[in-house]
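# Okay, sequence plus prediction incoming.
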Amino acid sequence: MTYSRIASILTTVIAIGLAFAAVAGILTAMRLDTYRAFGVILAVFITPRLLLQAILRGLPIVLATLGLAIAFRMNFWNIGAEGQIYWGMIAATGVVLAHVYYGYLPDLLVLPTMLIASFIAGGVWCLIPAILKAKLNVNEILTTLMMNYIAAYFVDYLIYGPWRDPHGYGFPLSIPFPKYAKLTFVAENPSYTGLILSIILAAMVYIIFRFTKLGFELRVIGENLDAARYAGITIPRVLMLGSFLSGGLAGLGGLSIVSGIIGRLRPRASPGYGYTAIIVAWLAALNPWLIIPAGIFFGGLLVAGESLQATLKIPNAAVQILQGIIFLFIILGEFLKRYKISFGGGRGVR
Amino acid sequence: MSSHEYLVEMRGIVKRFPGVLANDHVNFGLKRGEVHALLGENGAGKTTLMNILYGLYRADEGEIYIRGKRVKIRSPKDAIKLGIGMVHQNFRLIPTHTVVENIVLGLKEVGFVLNHKKLEQEIRELASSYGWSIDPSAKVWQLSAGEKQQVELLKALYRRAEILILDEPTSVLTPQETKALFNAIRRMAEEGKGVIFITHKLDEVMQVSDRVTVMRKGRVVVTKNTSDTNPAELANYMVGRPVIFTLQRKPMLPGKEVLRLKDVYAMSDKGVLALKGINLRIRKNEILGIAGVAGNGQIELAEVITGLRKVIKGKILINDVDATNKSPREIMELGVAYIPPENLRWGLVANLRVVDNLFLKAYRYPPYSNRVMINWRKIYDMADELIKKFEIVTPSKFTRTRALSGGNLQRLVLARELSGIIGGGVPDLIVAAYPTKGLDVAATEFVRKTLLRYREMGSGILLISEDLEEILMLSDRIGVIFDGRIVGEFKAEEADIERIGLLMAGAKVEAA
Amino acid sequence: MSVEWMASILQGAVQIGTIYLFASLGEIYAERSGILNLGIEGMMIMGAAISFLFTLAYGHLAAILAALVIGMVLGLILGVMAVSLRLNQVVVGLALTIFGTGMSGFLTHPTIRGGVLRTLNPHIPESLLMIQEAPKLPEMPIPILSNIPIIGRAFFSHNILVYISYILSVFMWFILFKTRIGLSIRSVGENPGMADAMGVNVFLIRYLTSMLCGGFASLAGAYLFIGFHPFWQEGMTAGRGFIALALVILATWSPLRAIFGAYLFGGVEAIQYRLQVKGFGAQIPQFVLMLPHIVTIITLTLLSFESVRKRLGVPAALGVPYSREEA
């Protein structure tokens, strides 16, 4: 642990602390029961039952963020995680529908197929802006952002149209997923499945970063494009492969939503997970092992928000404010880190 | 209101950069109504001196007087207020805006609402008074290089600049445009303005200047009236007498050809031709030194050979294999090593560790990796060896590369390129671009010794350098590059400093 | 498709389009100076929420002013972080959006709203504390002009904010292209180094455009509520802020073209509502709704070609923090 590493973590912790303090200030100003509110939030992380919920709700965040870690490492600004999540949901639902109506696969293979399908769907959705960037240098921030809307509207179309549950009383919902298409099929509690999935994928991302040629190339491209060319790296190829993996992981995030949390497909199934993931990626400094606790943390905030609203009548939105302020303070903390590093010397391990 | 004879006086200017004394007690004066050429090779200190005058740099010592008054110039804004305008080699214009918009940007006098018609008229008149017929309403991207330069000049002239600094202005111009520029410059001088003209081309100095100051290695060598001198004398001043060689170069018999360029043409980044029909060849056990002032195509030459730039005409053969327009990786695999200029920008990734940079190219080849995974164990072991062999001073192989000193960075590059971790053995061709620039004495010595060692071991080396002494010291053959062409070739024994100097400065010399 | 129906659509296009118009006008100025404001969605919804609360507490004028102020404050935060601290604009913008969305939902929540309203106006009548709606901005048809068939209803039978938006668009186009300060703004977004060298205060300009963008985004939200749909719903901006980003690209950063784009988007939305009412369900319009985004991607691609970029391109320094480098 070097000096700069400690300082870095300290800054992040202080930032989160200050954010909590700020929100506490707001709650108190509104004459709300701040003490109990924080009690509720804390309870989520201490109570096993609630913690498991936090893990489950944080699962899409973790998966999408792992994907973003790959993209951001090579400086590809994938703002389209949200759309890639949606396509993951679409692909997963598509497999379920195909199976229910046409019975192509044995029940046991449905989940694995959904896994593969949602990965590929998300991957392809990210590949399109990546190709535009690789071949024509089109700014990916704007293209990936637009792709989110196209994906969301497409889900709307499907749910209001051909994929609407005929027995759903006209509500915009797909058919509920059968047992073998849900995460509960794997283990009684989907949170465990989710946690294991997170760990496996985080490990894979870690291995990619640390031990594969791709991981090395991602880093070089992200740091110095000229040097990458000079080193003989085929930049378009890495760009496309990296984006495919990035979108694919986000797609898996979508699978976790329809298969793990909701149990069916509906419009606006993602409350902005893809955007939250961007900042969580930043917060976790693209480190796969930090991403898991960070994702669970924000999943926990979601659970806490609902709890706050139910028990204390504090609006769910308060948690969003907390989220926003945490993000802002962490970003400010980034400035301090940068400042410090240029002062305290750049020595130290990566 | 004194009308001093001297518009500009710079006295005792000293400017230090890490490791180099760019300006060594320089005295310079610009008279009213004169065109003053500032002549010298790159690294001579002329651009630094002018950057100080224009406020881009701050001098460490010395004083500046404008029109007899002592001034402090802290930024270009101060310079502009004093009536100084500078036209750089890369134009700072906004392509999507019109000529007028580029010229009047930031000026308070034009009023809140821009009266385009009036401004266009004013600019048109101003331009024509210098013989220019530029369309003020045209968008800058539509203009030729010469016209863009006119816009840059108009930027300064419209602000009533009396002192104009032009940095190597003719590098992007056609002969006709150069003529038009010189006419305009004469016109400015007639109006009483002072023009400083940075160049390394002798014929231009003779054509357009009234006085010329020659700089070399940060010092002013001489200031003379142009009419009192001639190209040969100036070339001599520019290049100086060679120092005693301190390194022994063993005579070697050159082997088979490793590199051949046939009539190669390539574009520069600015959209003009950088290489105009280059022919050269290098054989094993030989060093071909390319002498020339920076900016005459050297970088582009290195880049076309190493696959970083497209050749639009001609052929490149490496070991008799057609390597024209191959990718950097393919060229690497043909046995070519490249020591790039400005290693932190092009050749190294500053934030990665030393070991990562050592294997920046080799990581993908066995035994350091298989199809997917990298074998860090092997890499770490080899890295330790390389660090020892090339005497790289670093706390550890895991240190962030940016923490290393310039000399050690270059050793890192050498270790990576020359140690044979790709494909084993000695590289067939080494392209070394300005390999000792900015290095201290020890590091410079190390680099030169290393190049000579590899020459003996069988490599053919293309050495690009601004340091003529270095070229003379290391090369078996010397080629002089000027304006994208090889204008002279000499065997080391036949090297005639004076003629080389003249050729570097673009003078026409009869064949040996 | 009767004339009546067409007039109704056009009127709806302008009605809804004004939301996009305000938002994109501000964003155009920000992006022209090199600032990409992804916080636009958060600023818009804050404007809507603030206008809701202030209308109930005081009235329309207070609501509009308050929205402007809050927008400028948020824009200032963006400015400080993006310009002076040179932090990544994408991340800062998203954080602001999340913050703004949360804050707006919080303040307008039934349990909190009462306290807020009472703080604003201690004399507020009890009946107003729990209602979800506020009085709408009155329609002000322009005499004579509003009687012209179709056009009259489409353009001259709106509330005052719409009329202000007409004037504002032309005004902002004029300033951007015909004045010295507009030239400075555009230059800062293309080549801040050059602008700086020529005496333009890059930092001040970017601060001002950030605040302007925030103010306008917030105004768009205020208009959305008091001028179009004065029934408060959490998240009622529904991503329109981000859509305004697309609009800015389609309009290639020109206020006049933004007018067409805004009404186009507005028209598409208007048609969607009408179709829904008629019972067509929400299916058909989805692909129509996608169209603007697809066209935006195509536009961006075309803009990347050298030949097009020279004429109409993205501001060259968009999204890149500026620092004066020591030479």
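Alright, I've got the coordinates. Residues are numbered from 1 along each chain as shown, chains lettered A, B, ... in the order given.
# which one is the closest residue to chain A within chain B nearest to, not counting chain neighbours?
Relative to chain A, the nearest point of chain B is residue B:329 (3.3 Å; Cβ to the nearest Cβ). All C-beta atoms are positioned from the backbone trio N, CA, C, and that covers glycine. Leaving aside its sequence neighbours, residue B:329 sits nearest to residue A:232 (Cβ to Cβ, 6 or more residues apart in numbering or on different chains; 3.3 Å).
# Now do the contacts for that neighbour.
B:327, B:328, B:329, B:332, B:361, B:364 (Cβ atoms under 8 Å, 6 or more residues apart in numbering or on different chains).
# what secondary structure does residue 117 sit in?
Using chain A here. Following DSSP: H, G, I helix; E, B strand; the rest coil, we place residue A:117 in the helix state.
# what's the nearest residue to it if we skip its chain neighbours?
residue A:91 (4.0 Å).
# now swap in residue A:167 and tell me
Spatial nearest neighbour of residue A:167, excluding adjacent residues (Cβ to Cβ, 6+ apart): residue A:175 at 7.6 Å.
# Pop out the phi and psi values for the one you found.
Main-chain torsions, residue A:175, degrees, to the nearest 10: phi -60, psi 150.
# what does residue B:87 give?
Torsion angles, degrees, to the nearest 10, at residue B:87: phi -110, psi 120.
# burial measure for the closest residue to it other than its chain neighbours, as a count.
Leaving aside its sequence neighbours, residue B:87 sits nearest to residue B:152 (Cβ to Cβ, 6+ apart; 4.4 Å). Neighbourhood size, residue B:152 [other Cβ atoms under 10 Å in any protein chain shown]: 21.
# Surely residue B:152 is within a helix?
Yes - the assignment for residue B:152 is a helix, going by three-state DSSP.
# what sits against it?
B:87, B:88, B:91, B:92, B:93.
# residue boundaries of the helices in the chain?
As the question left the chain open, I've gone with chain A. Secondary structure of chain A, counting by DSSP state H: helices at A:3-29, A:34-46, A:48-73, A:81-102, A:107-136, A:140-160, A:190-211, A:213-223, A:225-230, A:235-256, A:273-283, A:288-307, A:317-344.
# nope, chain C
Here chain C has its helices, by DSSP H, at C:3-32, C:40-57, C:60-79, C:89-108, C:110-120, C:151-155, C:160-178, C:180-190, C:192-197, C:202-222, C:240-250, C:255-277, C:283-304, C:306-312.
# now the helix or strand where residue B:411 lies, how far from the chain's geometric center?
Assigned by DSSP states H and E, residue B:411 falls within helix B:406-418. Here the centre of helix B:406-418 is set off from its chain's centre by 22 Å, with Cα atoms, centre = their mean, to the nearest Å.
# so does it get close to chain A?
No - residues of helix B:406-418 are not located near chain A by Cβ under 8 Å from any Cβ of the partner chain, the shortest gap being 9.5 Å.
# ok, then the element right after that helix?
That would be, after helix B:406-418 and using DSSP H and E, strand B:429-433.
# so what secondary structure elements neighbour that next one?
Judged by 3 or more Cβ pairs under 8 Å, 6 or more residues apart in numbering or on different chains; DSSP states H and E, the packing partners of strand B:429-433 are helix B:298-306, strand B:336-339, helix B:441-457, strand B:460-465.
# re earlier: among the contacts of residue A:232, which ones are in helices?
Among the contacts of residue A:232, the members falling in helices are B:328, B:329, B:332 (criterion: DSSP H).
# looking at these, which has the most residues close by?
Going by other Cβ under 10 Å, residue B:332 tops the ones in helices among the contacts of residue A:232 with 24 neighbours.
# sorry, back to before: where's the residue nearest to residue B:329 relative to residue B:333, distance?
Applying Cβ to Cβ, to the nearest Å, the value for residue A:232 to residue B:333 is 8 Å.
# ok, back up a step: which one of the helices of chain C is the most hemmed in?
Ranked by mean neighbour count, the helices of chain C are led by helix C:40-57 with a mean of 30 (mean count of other Cβ atoms under 10 Å in any protein chain shown).
# What count of nearby residues applies to residue 234?
In the absence of a named chain, chain A is used. By the measure other Cβ under 10 Å, the count of residues near residue A:234 is 14.
# try chain C instead
15.
# OK, contacts around the spatially closest residue to residue A:41 that is not a sequence neighbour?
Of all residues not flanking residue A:41 in the chain, residue A:304 sits nearest, at 4.4 Å (Cβ to Cβ, 6+ apart). Applying Cβ under 8 Å, 6+ apart to residue A:304 gives the contacts A:40, A:41, A:43, A:44, A:319.
# Ok, residue B:316 next?
Residues near residue B:316 by Cβ under 8 Å, 6+ apart: B:259, B:260, B:261, B:262, B:264, B:304, B:305, B:322, B:323, B:324.
# I appreciate the help and will end here.
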